[in-house]
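> predicted model follows, preceded by the sequence.
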Amino acid sequence: MTVTGRCFCGQVHYTIDAAPVGGRVCWCRDCQYIASGSATNNILFPEDAVTFEGEIGRIEKIADSGNKVERGFCTGCGSQLYSRTIEPKGMPMRIRAGTLDDPELFQPTDVIWTSSAPSWAAIQPDLPQHPKGPK
């Protein structure tokens, strides 16, 4: 399976040569900040299957989970493209679902960091919910 996507301005494109391994809606505070108040919708892929073309800005931060996380964005338009865990290694890359050329590929499998969600958050009741990150 080949998956493609891009940022808003088209400066950054990506190709993924793998099927998704999951889909998460994340309500951690970091994701709320980068999503301007909402959750992020993330489709998960093996990191080694993802190839980017174009200039990507990167921010590294220790997340509430204690993991060292890198977030990538387009330097032209600011579109959030992905997050990946630097430490510990081996976790899937989280591609922002809104950047997919075919957004129907995103099928959420669970909702994480519900303990950080604001009271007005629309959390899908039919999905497994985790107060923090998944185990």
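Thanks, I have the structure now.
> beta partners for the residue lying closest to Pro128 once chain neighbours are set aside?
Distances taken as CB to CB, 6 or more residues apart in numbering put Asp110 closest to Pro128, at 4.3 Å, once the chain neighbours are dropped. All C-beta spots, glycine's among them, are computed from the backbone N, C-alpha and C. On the basis of DSSP bridges, Asp110 is bridged to Arg24.
> ok, now which ones touch Asp110?
Counting by CB atoms under 8 Å, 6 or more residues apart in numbering, Asp110 makes contact with 22, 24-25, 127-130, 134.
> and those residues, which are buried?
24-25, 129-130 (16 or more other CB atoms under 10 Å).
> show me where the chain has strands.
Ranges of strands in the chain, per DSSP state E, are 3-6, 13-16, 22-26, 40-45, 50-53, 56-62, 68-74, 80-87, 93-96, 110-112, 129-130.
> what would the ones you listed look like in TSV with mean pLDDT and distance to Ala122?
Formatted as TSV, the strands of the chain follow (pLDDT from 0 to 100; distance: least, CB to CB, whole Å):
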stretch	mean pLDDT	distance to Ala122
strand 3-6	98	24
strand 13-16	98	28
strand 22-26	96	10
strand 40-45	97	12
strand 50-53	98	29
strand 56-62	97	26
strand 68-74	97	23
strand 80-87	96	20
strand 93-96	98	18
strand 110-112	96	10
strand 129-130	96	13
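> same list (the ones you listed) but as TSV, adding distance to Ile123.
Converted to TSV, the strands of the chain look like this (distance: least, CB to CB, whole Å):
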stretch	distance to Ile123
strand 3-6	25
strand 13-16	27
strand 22-26	8
strand 40-45	13
strand 50-53	28
strand 56-62	24
strand 68-74	22
strand 80-87	20
strand 93-96	18
strand 110-112	5
strand 129-130	7
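> out of those strands, which one sits most buried?
strand 93-96 (a mean of 25; mean count of other CB atoms under 10 Å).
> so what secondary structure elements neighbour it?
strand 40-45, strand 80-87 (3 or more CB pairs under 8 Å, 6 or more residues apart in numbering; DSSP states H and E).
> out of those, which comes closest to Thr51?
strand 40-45 (10.9 Å; CB to CB).
> alright, that wraps it up for me.
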